[in-house]
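Novice: With the input below, show me the fold.
(one chain, ligands or ions: 1)
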Amino acid sequence: MTVCAPPASFPISVQTLIVGAGACGLIAALSAHEAGQQVLVVERDPVPSGSTALSAGLIPAAGTAIQRAAGIDDTPARFAADIQAKADGENDPALVALLAEGAGDVIDWLVRDHGLPFSLVDDFDYPGHARRRMHGLPSRSGRELVDALRAACEAEGIDILCDTRADRLYADGPRVRGISTLRGDMREDIGCDRLILACNGYGGNRARVARHMPDIEGALWFGHDGNTGDALDWGEALGAQTRHLGAYQGHGNVAHPHGILITWATMTAGGIQLNAAGQRFHDESHGYSEAARAVLAQPGGTAVSVFDARIAAIARQFQDFRDAEAQGAIKTAGSLADLAVAFKLPADALAATVAACHKGADPFGRTFDIPPLAAPFHGVRVTGALFHTQGGLVVGADARVLDAADAPFPNLYAAGGAACGVSGAGDAGYLSGNGLLAAVVLGRIAGLG
Ligand SMILES: Cc1cc2nc3c(=O)[nH]c(=O)nc-3n(C[C@H](O)[C@H](O)[C@H](O)COP(=O)(O)OP(=O)(O)OC[C@H]3O[C@@H](n4cnc5c(N)ncnc54)[C@H](O)[C@@H]3O)c2cc1C
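Specialist: Numbers count the residues shown, from 1 in each chain. Below you'll find the predicted structure:
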């Protein structure tokens, strides 16, 4: 990914050029179009997908009309406090406030102006969120989210050029002039008045993962392969400021070997994780991000997630969970003894572990203020995975990229996974939904310009 001097002229030029057609790029496109800009989105894949399509598509937002209708008293300030608490205060407070304050408006706008049928996840709590504020589309899948956003762009007549990879950026000093794209072996230069980098982070770039986050380097990569860190490469070449490059979201509940995300609701609603000895090894009520390393540290790098029919009924709202059931990843047992056989766990240890979950002080500090697990039981073998990176280019309140002296580049924006998010410096600072939060709010701000 290189930065070059611009050609004498461009065959085509647009006002707002956006690289990447995930949630961030598509929301930026809708917003720029709304602001009266002529917009073009370039996307390297044949169909807009990105990590957005792999996600559950859940967006946290405080103070939405949907929350109010559900009688939930929530505020951006409370949301911001939750974000900072999870990250031990490592985030830039101004960025946290910007995202927490902007999210509610984005959800209300997508419902009102583009007809996206969001609803609230109201039957279980996400760790670290003081209120129920996860908004999702009916299937609780990011595929539905990105398809709905693409359809909204198409309805507005916004051009999305697929199968087109941006591989060069043209700049005169700090001012971006355009990009060069490859479509098959056809090269085309596109000029722009402003450029929005919505091409996510660098989880698909093994060298960068090894350099910035060696503790998760060997884990399953579960994000979008096309997110190879192009925004970061260009930004660094231009002298942009970067932050928290070691930050990432992991997940400790990916069905193995099926490779299907098992919602963490299975844990927060009362499930537990066991190692090959039939023993628990961490507090499952903490976040799923740091659980990735906890699972990977167990023998074989796997664990068995155990829950029951009550919890499965909650988890079944997620398309991924239904897929995991359809593929046989989730096994059902009428008794703990049968569950032990199904997963080759020592039966006595399994029974003792489950019985201990509601007795006295938990060695890992978990408070089991939930119904005890009851037959029939469900189990799924899982591993830990890397989902997406959370560090990146530092942006200001208008989503323009900042240089080392905190001055904004005149017409270069970064949003979503291309920008530094609000998940602190490592893996434990990720509060559920931080990924799409940065994608939709910074995408909206960058698009409006
Ligand atoms: C399994 C999984 C589950 C998740 N669940 C959630 C969740 O429920 N809630 C949540 O908040 N977050 C979740 N996340 C994180 C969330 O998906 C991301 O943070 C979010 O989708 C980022 O959006 P984006 O638009 O920045 O990136 P993406 O959706 O990845 O879009 C970036 C696009 O840029 C394209 N691109 C990259 N480089 C170029 C280039 N040079 N030229 C052209 N195109 C390029 C890519 O092909 C891609 O389509 C999850 C992630 C994963 C992997």
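Novice: Pretty sure residue 313 sits in a helix.
Specialist: Yes: counting by DSSP: H, G, I helix; E, B strand; the rest coil, residue 313 is located in a helix.
Novice: now it: how far from residue 369?
Specialist: Using CB to CB, to the nearest Å, one gets 19 Å for the distance from residue 313 to residue 369. Backbone N, C-alpha and C define where each C-beta goes, glycine included.
Novice: So for these two, which residue has more residues nearby?
Specialist: residue 313 (11 against 8; other CB atoms under 10 Å).
Novice: mind checking how far that one is from residue 321?
Specialist: Distance from residue 313 to residue 321, by CB to CB: 10 Å.
Novice: got it, and residue 91?
Specialist: Residue 91 is 31 Å from residue 321, by CB to CB.
Novice: Residue 143 too?
Specialist: Distance from residue 143 to residue 321, by CB to CB: 14 Å.
Novice: same check, this time on residue 149
Specialist: Counting by CB to CB, the gap from residue 149 to residue 321 is 23 Å.
Novice: Need the pLDDT of the residue of the stretch 1-150 of the chain found nearest the ligand.
Specialist: Among all residues of the stretch 1-150 of the chain, residue 22 sits closest to the ligand, at 2.1 Å; criterion: CB to the nearest ligand atom. pLDDT, residue 22: 98.
Novice: check contacts around it.
Specialist: Residue 22 makes contact with 48-53, 146, 198, 200, 224, 416-417, 439, according to CB atoms under 8 Å, 6 or more residues apart in numbering.
Novice: In helices, which of these appear?
Specialist: 50-53, 146, 439 (DSSP state H).
Novice: Just give the closest residue to the residue of the stretch 201-350 of the chain found nearest the ligand, not the sequence neighbours.
Specialist: Of all residues in the stretch 201-350 of the chain, residue 226 sits closest to the ligand, at 3.3 Å by CB to the nearest ligand atom. Closest residue to residue 226 apart from its sequence neighbours, by CB to CB, 6 or more residues apart in numbering: residue 44 at 5.3 Å.
Novice: more neighbours, residue 143 and residue 321?
Specialist: Legend: neighbour count by other CB under 10 Å for residue 143 and residue 321, higher for residue 321 (25 against 16).
Novice: Identify all contacting residues around the strand or helix carrying the more buried one.
Specialist: Using DSSP states H and E, residue 321 maps to helix 319-326. The contact list for helix 319-326 (CB under 8 Å, 6+ apart) reads 56, 139-141, 143-144, 255, 258, 260-263, 266, 312, 315-316, 330, 380.
Novice: Quick check: residue 107 touching residue 59?
Specialist: Yes: at 6.4 Å, residue 107 and residue 59 qualify as touching, with contact defined as CB atoms under 8 Å.
Novice: Mind listing the shared neighbours of these two?
Specialist: With CB under 8 Å, 6+ apart, residue 107 and residue 59 have common neighbours 118, 135.
Novice: any idea how far residue 158 is from residue 100?
Specialist: Per CB to CB, residue 158 is found 28 Å from residue 100.
Novice: Those two: who's more crowded?
Specialist: Comparing residue 158 with residue 100 by neighbour count (other CB under 10 Å), the higher total belongs to residue 100, at 26 against 19.
Novice: what's the following helix or strand after the helix holding residue 321?
Specialist: Counting by DSSP H and E, what follows helix 319-326 is strand 331-333.
Novice: Strand partners (parallel or antiparallel) of that next one?
Specialist: Next to strand 331-333 in the sheet, as set by DSSP bridges, lie strand 377-389 (antiparallel).
Novice: what about the partner strand, average pLDDT?
Specialist: 97.
Novice: how far out from the middle of the chain is that strand?
Specialist: Put simply, strand 377-389 sits 15 Å off its chain's centre (CA atoms, centre = their mean, to the nearest Å).
Novice: about what we covered before: what residues does the residue of the stretch 201-350 of the chain closest to the ligand make contact with?
Specialist: Shown in contact with residue 226 (CB under 8 Å, 6+ apart): 44-45, 50, 204.
Novice: One more pass at 10 Å, please.
Specialist: Taking CB atoms under 10 Å, 6 or more residues apart in numbering, we find residue 226 in contact with 20, 22, 43-45, 49-51, 165, 199-200, 204.
Novice: swap in residue 55?
Specialist: Neighbours of residue 55 in contact, by CB under 10 Å, 6+ apart: 22-23, 136, 140-143, 145-146, 223-224, 261, 320, 387-388, 433, 435-436, 439.
Novice: Near the ligand, which residues of the stretch 251-400 of the chain are found?
Specialist: Counting by CB under 6 Å from any ligand atom, the stretch 251-400 of the chain comes close to the ligand at 261, 387-388.
Novice: are any of the contacts of residue 22 buried, and which?
Specialist: Buried by 16 or more other CB atoms under 10 Å: 48-53, 146, 198, 200, 224, 416-417, 439, out of these.
Novice: wait, which of these is closest to residue 32?
Specialist: Among these, residue 198 lies closest to residue 32 (CB to CB), at 11.1 Å.
Novice: rewinding a little: now do the helix holding residue 321, average pLDDT.
Specialist: Rounded mean pLDDT across helix 319-326 is 96.
Novice: overlap in contacts of residue 313 and residue 321?
Specialist: With CB under 10 Å, 6+ apart as the test, residue 313 and residue 321 reach no residue in common.
Novice: Helices of the stretch 151-300 of the chain, residue ranges please.
Specialist: Ranges of helices in the stretch 151-300 of the chain, per DSSP state H, counting those that start in this stretch, are 206-212, 230-238, 265-268, 288-296.
Novice: Dump the ones you listed into a markdown table; add mean neighbour count, distance to residue 73 and mean pLDDT as well.
Specialist: Listed next are the helices of the stretch 151-300 of the chain as a markdown table, based on neighbours: other CB atoms under 10 Å; distance: least, CB to CB, whole Å; pLDDT from 0 to 100:
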| stretch | mean neighbour count | distance to residue 73 | mean pLDDT |
| --- | --- | --- | --- |
| helix 206-212 | 16 | 39 | 96 |
| helix 230-238 | 23 | 38 | 98 |
| helix 265-268 | 26 | 21 | 95 |
| helix 288-296 | 24 | 26 | 95 |
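Novice: Many thanks, I have nothing further to ask.
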